[in-house]
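Asker: Give me coordinates for this.
(2 chains)
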Amino acid sequence: MSAFAVLAVGIVAHTLTRLVPLPHMSVLFLAAVITSAALWGLGPSLFAAVLSVAGGSYFFYSPIYSFDVASSQDIADLAMFLLVAALTSRLADGVRRQAREIADARVKVQGEALREALINSVSHDLQTPLASILGAATTLETLGEHGDQRARRDLAATIREEAERLASYIGNVLDLTRIRAGQLAPRLELVELADIVNGALRRKEKALAGHVLRVDLPPDLPMLRLDLFLMEHAVANVLDNAAKYSPAGSEVSIVASVQNGEVVLEIADRGSGIRAEDRERVFDSFYRGDAHAGGPPAGTGLGLAICRAFVEANGGSATVFSPGPGHGACVRLCLPVQAGAHQTAVAAK
Amino acid sequence: MTAARPQVLVVDDEPQIRKFLRLGLESHGYAVLEAATADAALRAAVAAQPELVVLDLGLPDREGFEVLGALREWSRVPVIVLSVRSREDEKVRAFELGADDYVVKPFGMAELLARIKTALRRRVEGEAPMPVFRVGALEVDLVRRLVRVDGAEVRLSPKQYRLLQILVTHAGKVVTHRQLLNDIWGAAHRDDVQYLRVFIRKLRSRLEADPARPRYLLTELGVGYRLRSPDQLAGPP
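Answerer: Numbers count the residues shown, from 1 in each chain, chains lettered A, B, ... in the order given. Below you'll find the predicted structure:
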């Protein structure tokens, strides 16, 4: 690298040779030395210094095209260049180290903020169902043999519902830690979007039981190269949100289409919708929507954050739009269609 | 008489899980045997010859997979794997070792009971294979090699029919990608899952009213395919 810098300066110097008086030529080479020192550190800059003096002596100072050290000025140049190289690279090292420390500190602060948010989320969202489970179970115990059948069934149903809630939270937190731990290497394979959507629908059957589903997946959609697990989770999380943020009995629509060479999956609800200024924030970890009447429904605030991370890991994008509060929200997942997908499909005929 | 009550061997090292499985199964007419280790499970399976085995994968002495493998060397008893491991490759491994079903913990008792019922029924049917398989509007006559939907004959290519035939003979049970590929295209193609996806797509377009939302031919993501048995079509998927 530093050799290239010196070479570049040499070429510039050569073209300027007629315009610039020779004694100032060394200043140009100094630029190469300083650049090397600032960008690449001590070793390359010392190399640049030596190369500059040698090159200068060979090409520019008489006798031209020889390494003869013409005067003590060359020696002085060399000493000066080496000094500048050493000083600059030291300074640059210091600056670089500081920048790295600042970046590390920022990651650490983000990590701590995340940890704190996670602990808050855990303490509230995980304790609540646990409290219900423990409460219902101990009540069931105290009923003994005399409790009436309906009370028993009610308590048992409470235990089941709250345990299911707990299971879904834990699933989300585990998904998130997978992302943070950097294990998110998608296993891409050729898949049908319909399989992914149907898998997600099956997984969220209970949550969507009170809604009217409209599914429109054209039969001729191209196959996609995706990670099944990640995409099914991403779609399931969007469905979960749609069910949670829209009233029972309203429609949830799932529509796929091909637009500009991408497969676009749009999942829309008829719920409370999203304000324009919150359209990005809904993808933040632990963002839970704000206190529209009665506050946000129970949840970890991780669903869409996980969804976006998973979709992006598959080379796609996740966005949300809404005609405005009260008019429902539509999450749009854009997934790339790869050229290879169609060819493989043809080959298998 | 205990003979009328089907005997289920429950293999799990967690006493709490064994306890609620015993309560739930006994109250639904099953007799329950328990084993907490792989060795105890294999001994109990030999001694008691249960009608069905519920098998946890994480056992203290050996992997549940080993129990399954050892069991399959001499027995065709239905095995339902019960595990906290939800990864697709674990499921594939279990199915390829001969598991009949795979239930991920945590699970609800109602679901497990439904799966047990299906596995037991399939065993009875498997002993006397029916010449005509029917589910919903789909009818497959295995003797005359005829496929009908709503009474109208559907023409399939030989490979498409072979695929359907394999799924019919395992109706209600997951057949892994590899098993299907191996049977239809041979061992050289057993990892070419995309072949299979294309064939399934075609088969669905001929058999399903809405191929994008199949009622009969279900995808088990990352694992394989399952043709719903009549009782699965009636109940939850």
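
Asker: Walk me through which strands the host helix or strand of residue A:190 pairs with, and which way each runs.
Answerer: Using DSSP states H and E, residue A:190 maps to strand A:189-191. In the sheet, strand A:189-191 lines up against strand A:224-226 (antiparallel) (DSSP bridges).

Asker: Break the chain down into its domains, please.
Answerer: In the absence of a named chain, chain A is used. What automatic domain parsing lists as the domains of chain A is A:2-98, A:117-180, A:189-347.

Asker: To clarify, I was referring to chain B.
Answerer: Using automatic domain parsing, the domain parsing of chain B gives B:7-127, B:132-234.

Asker: Okay, strands next: where are they in chain A?
Answerer: Counting by DSSP state E, residue ranges of the strands within chain A are A:189-191, A:212-216, A:224-226, A:251-259, A:262-268, A:317-321, A:330-336.

Asker: Tabulate these in JSON lines, adding columns for distance to residue B:138, mean pLDDT and mean neighbour count.
Answerer: From N, CA and C alone the C-beta is placed, and that goes for glycine too. Listed next are these as JSON lines, based on distance: least, C-beta to C-beta, whole Å; pLDDT from 0 to 100; neighbours: other C-beta atoms under 10 Å in any protein chain shown:
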{"stretch": "strand A:189-191", "distance to residue B:138": "24", "mean pLDDT": "84", "mean neighbour count": "20"}
{"stretch": "strand A:212-216", "distance to residue B:138": "21", "mean pLDDT": "93", "mean neighbour count": "13"}
{"stretch": "strand A:224-226", "distance to residue B:138": "28", "mean pLDDT": "89", "mean neighbour count": "24"}
{"stretch": "strand A:251-259", "distance to residue B:138": "25", "mean pLDDT": "94", "mean neighbour count": "16"}
{"stretch": "strand A:262-268", "distance to residue B:138": "29", "mean pLDDT": "95", "mean neighbour count": "20"}
{"stretch": "strand A:317-321", "distance to residue B:138": "37", "mean pLDDT": "91", "mean neighbour count": "18"}
{"stretch": "strand A:330-336", "distance to residue B:138": "31", "mean pLDDT": "94", "mean neighbour count": "21"}
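
Asker: Can I get stretch B:172-182 as CSV, trimmed to CA atoms?
Answerer: Written as CSV, here are the backbone C-alpha positions of stretch B:172-182 (Å, rounded to 0.1, in the frame of the first residue of the first chain):
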residue,chain,number,x,y,z
GLY,B,172,-51.2,-39.7,9.1
LYS,B,173,-47.4,-40.0,9.6
VAL,B,174,-44.6,-37.8,8.6
VAL,B,175,-42.4,-39.2,5.8
THR,B,176,-39.0,-37.4,5.6
HIS,B,177,-37.7,-35.8,2.4
ARG,B,178,-34.9,-38.3,2.3
GLN,B,179,-37.2,-41.3,2.6
LEU,B,180,-39.3,-40.1,-0.3
LEU,B,181,-36.3,-39.1,-2.5
ASN,B,182,-34.7,-42.4,-1.8
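
Asker: can you confirm residue B:231 is in a helix?
Answerer: Yes. Counting by DSSP: H, G, I helix; E, B strand; the rest coil, residue B:231 falls inside a helix.

Asker: quick one: contacts for it?
Answerer: Applying C-beta atoms under 8 Å, 6 or more residues apart in numbering or on different chains to residue B:231 gives the contacts B:117, B:118, B:121, B:172.

Asker: Give me the secondary structure label for the last one.
Answerer: Looking back up the chat, that one is residue B:172. Assigned by three-state DSSP, the conformation of residue B:172 is coil.

Asker: Next, the contact list for the closest residue in space to it that isn't next to it in sequence, please.
Answerer: The shortest distance from residue B:172 to any non-neighbouring residue, by C-beta to C-beta, 6 or more residues apart in numbering or on different chains, is to residue B:229 (3.2 Å). Applying C-beta under 8 Å, 6+ apart to residue B:229 gives the contacts B:118, B:121, B:122, B:135, B:171, B:172.

Asker: So how do I select the buried members of those in ChimeraX?
Answerer: Applying 16 or more other C-beta atoms under 10 Å in any protein chain shown to the contacts of residue B:229, the buried members can be selected in ChimeraX as follows:
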select /B:118,122,135,171,172
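
Asker: Of the contacts of residue B:229, which is the nearest to residue B:211?
Answerer: Ranked by distance to residue B:211 (C-beta to C-beta), these are led by residue B:135 at 16.3 Å.

Asker: wait, that closest one sits on residue B:171?
Answerer: Yes. Between residue B:135 and residue B:171 there is a contact under C-beta atoms under 8 Å: 7.1 Å.

Asker: any shared contact partners between the two?
Answerer: Common neighbours of residue B:135 and residue B:171, using C-beta under 8 Å, 6+ apart, are B:227, B:228, B:229.

Asker: Turn those into TSV, columns for pLDDT.
Answerer: Output for the shared contacts of residue B:135 and residue B:171, formatted as TSV (pLDDT from 0 to 100):
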residue	pLDDT
B:227	94
B:228	92
B:229	87
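
Asker: Closest to residue A:242 out of the residues you listed?
Answerer: Closest approach between the shared contacts of residue B:135 and residue B:171 and residue A:242, by C-beta to C-beta: residue B:228, at 26.7 Å.

Asker: For residue B:60, give me its contacts.
Answerer: Listed by C-beta under 8 Å, 6+ apart, the contact partners of residue B:60 are B:13, B:36, B:37.

Asker: go with 10 Å
Answerer: Listed by C-beta atoms under 10 Å, 6 or more residues apart in numbering or on different chains, the contact set of residue B:60 reads B:13, B:36, B:37, B:38, B:39.

Asker: tell me which element it falls in.
Answerer: Going by DSSP H and E, residue B:60 is not in any helix or strand.

Asker: burial count for residue B:233?
Answerer: 15 (other C-beta atoms under 10 Å in any protein chain shown).

Asker: Go through the longest helix seen in chain B and flag the buried ones.
Answerer: What stands out as the longest helix in chain B, according to DSSP state H, is helix B:109-127. Buried residues in helix B:109-127, counted by 16+ other C-beta under 10 Å: B:112, B:115, B:116, B:118, B:119, B:120, B:122.

Asker: how close does the second one get to chain A?
Answerer: Using C-beta to the nearest C-beta, to the nearest Å, we find residue B:115 at a distance of 15 Å from chain A.

Asker: returning to what we had before: which other helices and strands contact the longest helix of chain B?
Answerer: Under the contact definition 3 or more C-beta pairs under 10 Å, 6 or more residues apart in numbering or on different chains; DSSP states H and E, helix B:109-127 sits against helix B:15-26, strand B:52-56, strand B:79-83, strand B:101-104, helix B:230-234.

Asker: Distance check, the residue of the stretch 151-300 of chain A found nearest chain B against residue B:210.
Answerer: Sorted by distance to chain B under C-beta to the nearest C-beta, the residues of the stretch 151-300 of chain A start with residue A:217, at 3.8 Å. Going from residue A:217 to residue B:210 by C-beta to C-beta, to the nearest Å gives 9 Å.

Asker: so what sits against both of the two?
Answerer: Common neighbours of residue A:217 and residue B:210 (criterion: C-beta under 10 Å, 6+ apart): residue A:194.
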